[in-house]
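> Sequence and predicted model, in that order:
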Amino acid sequence: MIRIGKISYWHVHAWDYTKQAQEHPEAEIVAVWDENPARGQEAADKQGAQFHASLEEMLQRNDIDGVIVDAPTSMHRDVILAAARAGKHIFTEKVLAPTLHEVNEILSAVKEHHVKLTVSLPRLNDNYTLAIRDILDQGLLGKVTLVRVRLSHNGATAGWLPEHFYGLEECLGGALIDLGCHPMYLTRVFLGEEPVGVQAQFGYVTGKEVEDNAVATLSTTSGAVGIVEAGFVNNFSPFTIEVHGTEGTLLFGTPDEKLLLRTSNPAKEDANAWVEQPLPTKRESAFEQWINHIKNDTTADENIAIAVELTKLMEAANQSAREQRSIRLDELQA
């Protein structure tokens, strides 16, 4: 049994990860720390775990193997470094950290203290992602020229997002760094190459301290363009993926959750027609992968590599929005 300490219930997905741990036959949450003691005590009481007012005290427990991190984004570096130095395996909500420099500090500590790190990038494991990656690997779109991924909801206009999700000091951003993480890492994966620059535009429809409407464009050396869209102010915006290439196009979620392919590649018998593609079984969740890495002494190499690139793209996007210019990734401090 892998015994887990829960670091904060700040994030909206904190109870989702708690449920995943509760349902996993080889995992158990035994302790809770929260920067909000009242919230932490309540969460601990709900699941029969012990609440610790001190994070250091919880991390010193020899009977805790790992931690789940759902603390404010601004605290990720400090709490994850503390966990790594205490020899605890780490599963964390995205982003791993808000800057490349902080991510590199974390990775150094993870390596030094031989702990297993996995970042929650759940849409990497979904069936549409697996299907799209397979089609791209077959070369059915030719050279990729444009990727667009959109994810948006009405959390700000309908009032169901917690108020602290609009605080710049804790969140370090709004729709893009939270919800926009998913279209950002998917766009990067589907492009098939690391972007060289990012240009971002933020909107403030509801007048919050952080953006509630955002677009980021990613430029590449090949000429392919990535478009990342996220928002908290849209009632009926479907999760949408477009991947275009010199020989074909993939569409998902426009608006139905089905994957359509049209290709001129002669290897396909149904070339030049729109054809719905079968979706495979989704992969095990990032949480399940983390547990298996702990058990099998393996490492989440692809997951971590994508998490690092996600932070680079987010840091560049936030800087771009502040400075109203395109940011090259090689400008970022390592």
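Structure's in. What do you need? Numbering: from 1, shown residues only.

> can you give me the helices in the stretch 51-200 of the chain?
Assigned by DSSP state H, counting those that start in this stretch, the helices in the stretch 51-200 of the chain fall at 55-59, 76-85, 100-112, 127-137, 155-158, 168-171, 181-191.

> so can I have JSON lines of the ones you listed showing mean pLDDT and mean neighbour count?
C-beta: built from backbone N, CA, C; applies to glycine. Formatted as JSON lines, those follow (pLDDT from 0 to 100; neighbours: other C-beta atoms under 10 Å):
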{"stretch": "helix 55-59", "mean pLDDT": "98", "mean neighbour count": "18"}
{"stretch": "helix 76-85", "mean pLDDT": "98", "mean neighbour count": "21"}
{"stretch": "helix 100-112", "mean pLDDT": "98", "mean neighbour count": "17"}
{"stretch": "helix 127-137", "mean pLDDT": "98", "mean neighbour count": "17"}
{"stretch": "helix 155-158", "mean pLDDT": "97", "mean neighbour count": "18"}
{"stretch": "helix 168-171", "mean pLDDT": "97", "mean neighbour count": "14"}
{"stretch": "helix 181-191", "mean pLDDT": "98", "mean neighbour count": "24"}
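
> Residue 42: neighbour count?
Neighbour count for residue 42, taken as other C-beta atoms under 10 Å: 14.

> Going forward, count from 17.
Happy to do that; since the first residue is 17 now, the last one works out to residue 58.

> now for the helix or strand containing it, which elements pack on it?
Counting by DSSP states H and E, the element that carries residue 58 is helix 53-63. Counting by 3 or more C-beta pairs under 8 Å, 6 or more residues apart in numbering; DSSP states H and E, the packing neighbours recorded for helix 53-63 are helix 30-39, strand 43-49, strand 66-68.

> Please work out which of those is packed deepest.
Of the helices and strands packed on helix 53-63, the one with the most neighbours on average (mean count of other C-beta atoms under 10 Å) is strand 43-49, at a mean of 22.

> what mean pLDDT does that strand have?
Averaged over strand 43-49, pLDDT sits at 98.

> Could you do stretch 221-230 as well?
Taken as a whole, stretch 221-230 has a mean pLDDT of 98.

> ok, and for that stretch, which residues are buried?
224, 226-230 (16 or more other C-beta atoms under 10 Å).

> Now do that stretch: distance from first to last residue.
Distance across stretch 221-230, first residue to last, is 10 Å (C-alpha to C-alpha, to the nearest Å).

> So what touches the helix holding residue 58?
22, 24-26, 30, 34, 38, 45, 47-50, 65-67, 69 (C-beta atoms under 8 Å, 6 or more residues apart in numbering).

> try 10 Å
Residues outside helix 53-63 that contact it (C-beta atoms under 10 Å, 6 or more residues apart in numbering): 22-26, 30-31, 34, 37-38, 44-50, 52, 65-69.

> then that helix to PDB, C-alphas only?
Only the C-alpha atoms of helix 53-63 are listed here, as PDB (Å, rounded to 0.1, in the frame of the first residue of the first chain):
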ATOM      1  CA  PRO A  53      -6.000  25.100   8.100                       C
ATOM      2  CA  ALA A  54      -9.800  25.100   8.400                       C
ATOM      3  CA  ARG A  55     -10.100  23.700   4.900                       C
ATOM      4  CA  GLY A  56      -7.400  21.200   5.500                       C
ATOM      5  CA  GLN A  57      -8.900  20.000   8.800                       C
ATOM      6  CA  GLU A  58     -12.300  19.600   7.200                       C
ATOM      7  CA  ALA A  59     -10.900  17.600   4.300                       C
ATOM      8  CA  ALA A  60      -8.900  15.400   6.700                       C
ATOM      9  CA  ASP A  61     -12.000  14.700   8.900                       C
ATOM     10  CA  LYS A  62     -14.100  13.800   5.800                       C
ATOM     11  CA  GLN A  63     -11.700  10.900   5.000                       C
END
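
> and of the helices and strands packed on helix 53-63, who's closest to residue 172?
Residue 172 lies closest, by C-beta to C-beta, to one member of these: helix 30-39, at 19.8 Å.

> which residues does the residue nearest to residue 342 when sequence neighbours are not counted contact?
Once flanking residues are discounted, residue 342 sits nearest to residue 215: 4.3 Å by C-beta to C-beta, 6 or more residues apart in numbering. When contacts are counted by C-beta under 10 Å, 6+ apart, residue 215 is found next to 231-235, 332-333, 336-337, 340-343.

> okay but residue 125 is in contact with residue 97, surely?
Yes. In this structure, residue 125 is within contact of residue 97 by C-beta atoms under 10 Å, at 5.3 Å.

> intersection of neighbour lists for those two?
Here residue 125 and residue 97 share the contacting residues residue 106, scored by C-beta under 10 Å, 6+ apart.

> follow-up on the earlier one: closest one to residue 18 among the helices of the stretch 67-216 of the chain?
Taking C-beta to C-beta, helix 92-101 is the member of the helices of the stretch 67-216 of the chain nearest to residue 18, at 14.1 Å.

> Who are the packing partners of that closest one?
Other helices and strands packing on helix 92-101, by 3 or more C-beta pairs under 10 Å, 6 or more residues apart in numbering; DSSP states H and E, are strand 18-23, helix 71-75, strand 82-85, strand 105-109, helix 116-128, strand 133-136.
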